[in-house]
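Student: fold the stuff below for me.
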Amino acid sequence: MATQTQAPVKEGSEKKLYILQQGIVEDAPGGVPAHLSFGVLSTVPDPVNPGDITFTLKAPTGFYFTGWLSWAYHDVNTLQAKGNLKTTQGAVSDGGRKLTFTHNPSLSSNQECIGYAAQVSALDSATPGRYTDGELRVGTADPVKLKGRVLGSDED
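Tutor: Below is the predicted model:
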């Protein structure tokens, strides 16, 4: 019987990850919560296992986090889920503008990725427009800019 071995944890190996926002989150004040989606891929063919690291998200202007988030592993080529969706609650602070959670974005190769979704809502007082001042930090990896669009009352 074959056994699968996981690469040893290597501190700082999150710098081998490619992190990106998937699409631009959109929501209208008073609307149904939306999902701010982001992905983590490996830039190397070898396994990457940084261990449990802190993810810190700052919502774009006009948005707040509810705390709910989920993730699943996917095949890079087909985007088909390779495992069950996992859900959890992150820690919300700064009036909902900041969300933190700990996770190990361990990838067995550059042929799989992790897709994350953090639930957000537009603030009731949000002014319609496009905002690019959000941020995602994954351990010591370079930060990623998060974007969002607050919809007007006449938009879907």
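Student: biggest strand in this structure, by residue count?
Tutor: Selection of the longest strand in the chain by residue count, based on DSSP state E, yields strand 63-75.
Student: what strands line up against the next helix or strand after that one, and which way round?
Tutor: Toward the C-terminus, strand 63-75 is succeeded by strand 86-89 as the next helix or strand (DSSP states H and E). Paired strands of strand 86-89, with direction, are strand 63-75 (antiparallel) (DSSP bridges).
Student: just the C-alphas of the partner strand, formatted as PDB.
Tutor: What follows is strand 63-75, C-alpha atoms only, in PDB (Å, rounded to 0.1, in the frame of the first residue of the first chain):
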ATOM      1  CA  PHE A  63     -17.000  46.900   2.600                       C
ATOM      2  CA  TYR A  64     -16.800  44.900   5.800                       C
ATOM      3  CA  PHE A  65     -16.100  41.300   6.500                       C
ATOM      4  CA  THR A  66     -18.800  39.100   8.200                       C
ATOM      5  CA  GLY A  67     -16.100  36.700   9.500                       C
ATOM      6  CA  TRP A  68     -17.300  33.700   7.400                       C
ATOM      7  CA  LEU A  69     -14.800  32.100   5.000                       C
ATOM      8  CA  SER A  70     -14.300  28.900   3.100                       C
ATOM      9  CA  TRP A  71     -11.600  27.200   1.000                       C
ATOM     10  CA  ALA A  72     -11.100  24.200  -1.200                       C
ATOM     11  CA  TYR A  73      -8.300  22.600  -3.200                       C
ATOM     12  CA  HIS A  74      -8.700  22.600  -7.000                       C
ATOM     13  CA  ASP A  75      -7.000  21.200 -10.000                       C
END
